[in-house]
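Enquirer: Take this sequence and fold it.
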Amino acid sequence: MTQPPHDEPTARSQEELREQVEHTRHELGDTVQALADRADVKTRAREKAVAVREQAGAKAQEWSGQARAKAAQVAHTVEEKLPEPVKQKGASAAQSAKEKAAQAEQVWQDKAPQSVRDHRAALLAGAGAVLVAVLLLRRRGNR
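Expert: Next up, the predicted model:
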């Protein structure tokens, strides 16, 4: 930046000089703000991390969609090439597995909560004993 010689006036009036000072003040403020932004490494790192996270999420969604499409395509191809007896046997096995899973779920829902209710006193006594043991061991460790 070149400066005019000191013997020549830079402003023709006081108003023009005030405008130049105000303009210089704004430029200086912008420069200081830009330097402060560059020096704020923590904020810049956070912004970069957010950008990378968003980019990774977008890539993951893209890859997930591609993988699902490919899996569907492969499943369709395999299904077309399977002989009919194998398809029937697979469908039968899948139906049997679904039925057994439903039965196991029903048994668990029917019996597990009742067995817990039946042994509530024993469970509470066991939990109390564990608590007392932990407190005693902790007290011994502090000595």
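Enquirer: Any stretches of this protein with poor pLDDT?
Expert: Within the chain, the segments meeting pLDDT under 70 span 1-11, 108-110, 112-117, 142-143.
Enquirer: For the chain, which segments count as helices?
Expert: Secondary structure of the chain (DSSP state H): helices located at 14-39, 41-81, 84-118, 120-142.
Enquirer: Outside of stretch 75-85 itself, list whatever touches it.
Expert: Residues external to stretch 75-85 that are found in contact with it (C-beta atoms under 8 Å, 6 or more residues apart in numbering): 87, 90. For glycine as for every other residue, the C-beta is placed from the backbone atoms N, C-alpha and C.
Enquirer: err, stretch 133-143, not the other one
Expert: The contact list for stretch 133-143 (C-beta under 8 Å, 6+ apart) is empty.
Enquirer: Tell me which residues touch the spatially most central residue of the chain, please.
Expert: For the chain, the residue sitting closest to the mean C-alpha position, by C-alpha atoms, centre = their mean, is R53 at 8.4 Å. Neighbour list for R53: empty [criterion: C-beta under 8 Å, 6+ apart].
Enquirer: So it versus R140, what's the distance?
Expert: In this structure, R53 and R140 are separated by 48 Å, where distance is defined by C-beta to C-beta, to the nearest Å.
Enquirer: again, but for V130
Expert: Computed with C-beta to C-beta, the distance linking V130 and R140 is 16 Å.
Enquirer: cool, V86 as well?
Expert: Computed as C-beta to C-beta, the V86 to R140 distance reads 66 Å.
Enquirer: Repeat that for A93.
Expert: Between A93 and R140 the distance is 58 Å, computed by C-beta to C-beta.
Enquirer: Could you do S92 as well?
Expert: As for S92, its distance to R140 is 62 Å (criterion: C-beta to C-beta).
Enquirer: same check, this time on K70
Expert: In this view, K70 and R140 are 61 Å apart by C-beta to C-beta.
Enquirer: same check, this time on A67
Expert: Using C-beta to C-beta, one gets 56 Å for the distance from A67 to R140.
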